[in-house]
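Undergrad: here's my sequence, what's the structure:
(chains A and B)
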Amino acid sequence: MLLTERERLREELLQLIGQIGRDRSALLPLLQEVQRKYCHISEYCMQVIADLLDIHPVEVHSVVSFYSFLDERPQGQFVIRLCRTATCDMAGKDHVARQLRNDLRIGFGQTTPDGKFSLDWANCLGMCDQGPAMLVNERIFTRVTPEKVHGILAECRQMFGAHATSSPKERQI
Amino acid sequence: MTTSAAVQTTTNRLTFAAIEAGQGLNAALKQPPADALRQVAFSGLRGRGGAGFSTSLKWELAAKSAGERKYVVCNADEGEPGTFKDRVILADFADLVFEGMTIGAWVIGAAHGIVYLRAEYTYLRPHLEAVLQRRRDAGLLGSAVAGQNGFAFDIAIRMGSGAYVCGEETALIESLEGQRGEPRNRPPFPIDTGFLGNPTIVNNVETFAWVTCILAKGADWFKGLGTEKSTGHKLFSVSGDCARPGVYELPMGITVAELLEEVGGEAAKAVQIGGAAGQCVPAARFDRTIAYEDIPTGGSVIVLGPQRDLLRMSRNFLEFFLEESCGQCTPCREGIPKLLEGVELLQNGRCSMTYLEELCGLGETMQQASKCGLGQSAPNALLSIVEHFQDEILGRVVAKRPPARRERTA
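TA: Okay, here's the model as predicted:
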């Protein structure tokens, strides 16, 4: 990574801290914002945040590793989380999971080589009356069937074309 | 987005829908905080998140706690498998929740409110922020709430990041403080040593909404509903094998059979009540009542039809707990994988009675020795299935599977 990029990132984090706050209780909102923007929280980011909050980087890492919506490795532009809890299981989540694997050609816990999609499991999404349920980033889809999977992915790809805001390069910071 | 998701959830006639915004708060602010608290106490309201602690006692202790800064926290980290009532309340009746928080602030003398919203419900946030802003504009939040000089209160929303254990109140506070969501030792309790060491009340979304209703309609009305020890109505999240899944407001003390009739699930062979942390009730015991004195619940009701494999469900729950355990205490961290292995043995038809009894012993140890509710309740589902469904789980014969073919991904 170029030094100038690091400096730019540090500047951005400083700005963010100016908005959110410097105390320890600001850590989670800060990390959530970094995750949203860069699709992951890099080692460098963790170090800068630790430095700015005056805590040990290990503390930041221990928080990042605890929460399932914070990632150390770059996630795709679209993170797909399929609910695997009892009622979605009863409603046939296994079939949806199989079709997601087939269409994305990746397994759960993986990201497509083009960096567009990550596939993961989620615990109860609170849509038990209309399962199987699936989150795509912040958007919820309910009563998902294997045949609906393709349409949902196609919609994401379209959005990706129109609003390709962050380049893969930026994601690797 | 938010409303469409909520609209699709079927509900019966909800009390919340008949309460006008402002009614409860106005009634509360007309009386001194101690009198408002007395109303909540008289109603007998107990925590709707599932633990069932007396709401008024919690508030009374926080009110008496010395401290300049106090906090009102709304636990919107609804993560119990099979629960979705809080999503519906937040989408359709957010005003009642914020009003209940404001009443709580009036009672304990707090100026700061926080809603801890689970990451999975991020799509509800814009709607909630809009409702908060509308309340600020109407003078119902801010430096002088409803024109009451000297009563300043505002509410901020903080997001979770995907951790079931943060629904436990001390873990939730840890998370708010920017830590890993690991439950604390208690005492001290949040009512005197909560968020940043300040007195804090943490209540469920539904609890706050009921407080607003109690102030609006009177404590007598609420006390007259339900049973003596479990007063009032409760929202149930009903899913699984029934004709009409959805959110149902029903009186506490209703029998399982009556509930099933309401939702069209009479054919059930069992009902899982209380989510993954709850118990599995067999058809023979459908005369049991849902109330704090019999089957306590946060409202999750999963109806299981005759074709359902209870071991599969039990395994699903244990896998859930395996992932969500914070790993701090030994009974929970080490016990859950052992129970999961046991269920796998049962599924393969390779579990002896002696070993099953040992597993149950382990489960009972976990119930007593775990640090927080997660570990204490993780064995519940399996233990109740072992108790009631031995015929179904013992001596399974597993059909030999044909050799696996390579999955075609192209």
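Undergrad: was I right about residue B:104 contacting residue B:70?
TA: No - using C-beta atoms under 8 Å, residue B:104 makes no contact with residue B:70, being 9.8 Å away. All C-beta spots, glycine's among them, are computed from the backbone N, C-alpha and C.
Undergrad: what is in contact with the two at once?
TA: residue B:110 (C-beta atoms under 8 Å, 6 or more residues apart in numbering or on different chains).
Undergrad: and the two? Which one has more around it.
TA: Using other C-beta atoms under 10 Å in any protein chain shown as the criterion, residue B:104 and residue B:70 rank with residue B:104 on top: 31 against 22.
Undergrad: just the pLDDT for residue A:163.
TA: The model reports residue A:163 with a pLDDT of 50.
Undergrad: what residues does chain A have near chain B?
TA: A:23-29, A:31-32, A:62-63, A:66-70, A:84-87, A:89-90, A:101-102, A:105, A:122-131, A:135, A:138-140, A:142 (C-beta under 8 Å from any C-beta of the partner chain).
Undergrad: biggest strand in chain B by residues?
TA: Taking DSSP state E as the assignment, the strand of chain B that covers the most residues is strand B:233-240.
Undergrad: so what's the residue count around residue A:154?
TA: 11.
Undergrad: helix or strand for it, which one?
TA: helix A:146-162 (DSSP states H and E).
Undergrad: one more: residue B:75?
TA: Using DSSP H and E, residue B:75 falls in strand B:71-76.
Undergrad: re earlier: return the distance of the helix holding residue A:154 from the chain's centre.
TA: With C-alpha atoms, centre = their mean, to the nearest Å as the basis, helix A:146-162 stands 17 Å off its chain's centre.
Undergrad: please identify the buried residues of that helix?
TA: For helix A:146-162, the neighbour count (16 or more other C-beta atoms under 10 Å in any protein chain shown) marks A:146, A:149, A:152-153, A:156, A:160 as buried.
Undergrad: what stretches of chain A score poorly on pLDDT?
TA: Within chain A, the segments meeting pLDDT under 70 span A:1-2, A:160-173.
Undergrad: mind listing the strands for it?
TA: A:78-83, A:110-111, A:117-122, A:134-136, A:139-141.
Undergrad: confidence score at the residue nearest to residue B:291 when sequence neighbours are not counted?
TA: Once flanking residues are discounted, residue B:291 sits nearest to residue B:230: 3.8 Å by C-beta to C-beta, 6 or more residues apart in numbering or on different chains. Residue B:230 is assigned a predicted lDDT (pLDDT) of 96.
Undergrad: ok, residue B:230 - contacts?
TA: Contacts of residue B:230 (C-beta under 8 Å, 6+ apart): B:46, B:52, B:252-253, B:291-293.
Undergrad: now with 7 Å?
TA: Applying C-beta atoms under 7 Å, 6 or more residues apart in numbering or on different chains to residue B:230 gives the contacts B:46, B:252-253, B:291-293.
Undergrad: tell me the one of these nearest chain A?
TA: residue B:252 (21.4 Å; C-beta to the nearest C-beta).
Undergrad: residues in contact with that closest one?
TA: Counted by C-beta under 7 Å, 6+ apart, residue B:252 has contacts B:226-227, B:230-232, B:234, B:290-291.
Undergrad: same check on residue B:16?
TA: B:89, B:93, B:96, B:209, B:213.
Undergrad: returning to that earlier point: for chain A, see how far away the residue nearest to residue B:291 is.
TA: Per C-beta to the nearest C-beta, to the nearest Å, residue B:230 is found 23 Å from chain A.
Undergrad: same thing with residue B:77?
TA: 11 Å.
Undergrad: so how many other residues sit close to that residue?
TA: 31.
Undergrad: what's the answer for residue A:137, then?
TA: Neighbours of residue A:137 (other C-beta under 10 Å): 17.
Undergrad: looks like it contacts residue A:79 (just checking).
TA: Yes - applying C-beta atoms under 7 Å as the test, residue A:137 and residue A:79 come out as touching, 5.9 Å apart.
Undergrad: let me see the ranges of the helices in chain A.
TA: For chain A, the helices defined by DSSP state H cover A:3-20, A:27-38, A:43-53, A:57-66, A:86-90, A:93-104, A:146-162, A:168-171.
Undergrad: picking up where we left off before, and the buried ones among the residues of chain A next to chain B, selectable in ChimeraX?
TA: A single ChimeraX command is used to select the members of these judged buried by 16+ other C-beta under 10 Å:
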select /A:24,25,26,27,28,29,31,32,63,66,67,68,69,70,84,85,86,87,89,90,101,122,123,124,125,126,127,128,129,130,131,135,138,140,142
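Undergrad: sorry, back to before: any idea which of the strands of chain A is most buried?
TA: strand A:78-83 (a mean of 24; mean count of other C-beta atoms under 10 Å in any protein chain shown).
Undergrad: what packs against it?
TA: If you count contacts as 3 or more C-beta pairs under 7 Å, 6 or more residues apart in numbering or on different chains; DSSP states H and E, strand A:78-83 packs onto helix A:93-104, strand A:117-122, strand A:134-136.
Undergrad: let's see it at 6 Å
TA: Identification of packing neighbours for strand A:78-83 by 3 or more C-beta pairs under 6 Å, 6 or more residues apart in numbering or on different chains; DSSP states H and E yields strand A:117-122, strand A:134-136.
Undergrad: alpha carbons of the longest one, as PDB, please.
TA: Extracted in PDB, the C-alpha atoms of strand A:117-122 (Å, rounded to 0.1, in the frame of the first residue of the first chain):
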ATOM      1  CA  PHE A 117     -20.500 -11.400  -3.200                       C
ATOM      2  CA  SER A 118     -19.800 -13.000   0.100                       C
ATOM      3  CA  LEU A 119     -22.000 -15.900   1.300                       C
ATOM      4  CA  ASP A 120     -22.500 -16.500   5.000                       C
ATOM      5  CA  TRP A 121     -25.000 -18.000   7.500                       C
ATOM      6  CA  ALA A 122     -26.900 -15.900   9.900                       C
END
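Undergrad: show me what it is packed against.
TA: Against strand A:117-122 (3+ C-beta pairs under 6 Å, 6+ apart) you get strand A:78-83, helix A:93-104.
Undergrad: touching it from outside, list them.
TA: A:75-76, A:78-81, A:83-84, A:100, A:104, A:106, A:108, A:111 (C-beta atoms under 6 Å, 6 or more residues apart in numbering or on different chains).
Undergrad: also stretch B:184-194?
TA: Here stretch B:184-194 has contacts from B:61-62, B:65, B:169-170, B:173, B:199-200, B:202, using C-beta under 6 Å, 6+ apart.
Undergrad: kindly report the same for stretch B:382-401.
TA: B:279-280, B:282, B:310-311, B:314, B:339, B:346, B:348-349, B:360, B:363.
Undergrad: just the helices from the stretch 101-250 of chain B, written as ranges.
TA: Taking DSSP state H, counting those that start in this stretch as the criterion, the stretch 101-250 of chain B contains helices spanning B:125-137, B:169-176, B:205-217, B:219-223.
Undergrad: so for residue B:100, which of those sits nearest?
TA: helix B:205-217 (3.0 Å; C-beta to C-beta).
Undergrad: that closest one to strand B:233-240, inter-axis angle?
TA: 140 degrees (axes from the mean of the first three to the mean of the last three C-alpha atoms, to 10 degrees).
Undergrad: could you check whether helix B:205-217 is close to chain A?
TA: No - Helix B:205-217 lies out of reach of chain A by C-beta under 6 Å from any C-beta of the partner chain, never closer than 11.6 Å.
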